[in-house]
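Enquirer: next comes the sequence, and after it the predicted model I'd like to discuss.
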Amino acid sequence: MLKEFFEEHDHLCFRLQRTGRHGGGWLIRIYNTTLDLGCTEPIYEHTVLDSEINNSNVDFETIIMTPVINWWDFCLGCR
């Protein structure tokens, strides 16, 4: 899911970072490489908390990609 999404949208750069904020979690950042900003200014940021992961019945990749896909679908609706 993750690999396929970013292969299809190769103008996006994906970064996942472990964070200790709010009891721990994963910071997701998406960058648009066509904006001449490279991978320096994110166009999307979201944190998935460890508690969300621990209380979920889905795998890690799904819980990370769900907010990304929801955001992308929302962005498409804004155009």
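Expert: That came through fine. Numbering: from 1, shown residues only.
Enquirer: low-confidence regions, this protein specifically.
Expert: Applying pLDDT under 70 to the chain flags residues 21-22, 37-38, 77-79.
Enquirer: now the closest residue in space to Met1 that isn't next to it in sequence: which helix or strand?
Expert: Excluding its sequence neighbours, the residue lying closest to Met1 (CB to CB, 6 or more residues apart in numbering) is Met65, at 5.1 Å. For every residue, glycine as well, the C-beta is placed using N, CA and C. Assigned by DSSP states H and E, Met65 belongs to helix 60-77.
Enquirer: and Ile28, that's in a strand?
Expert: Yes. The assignment for Ile28 is a strand, going by DSSP: H, G, I helix; E, B strand; the rest coil.
Enquirer: got a list of what the closest residue to it other than its chain neighbours touches?
Expert: What sits nearest to Ile28 in space, not counting adjacent residues and going by CB to CB, 6+ apart, is His46, at 4.7 Å. By CB atoms under 8 Å, 6 or more residues apart in numbering, the contact set of His46 is Leu27, Ile28, Pro67, Val68, Trp71.
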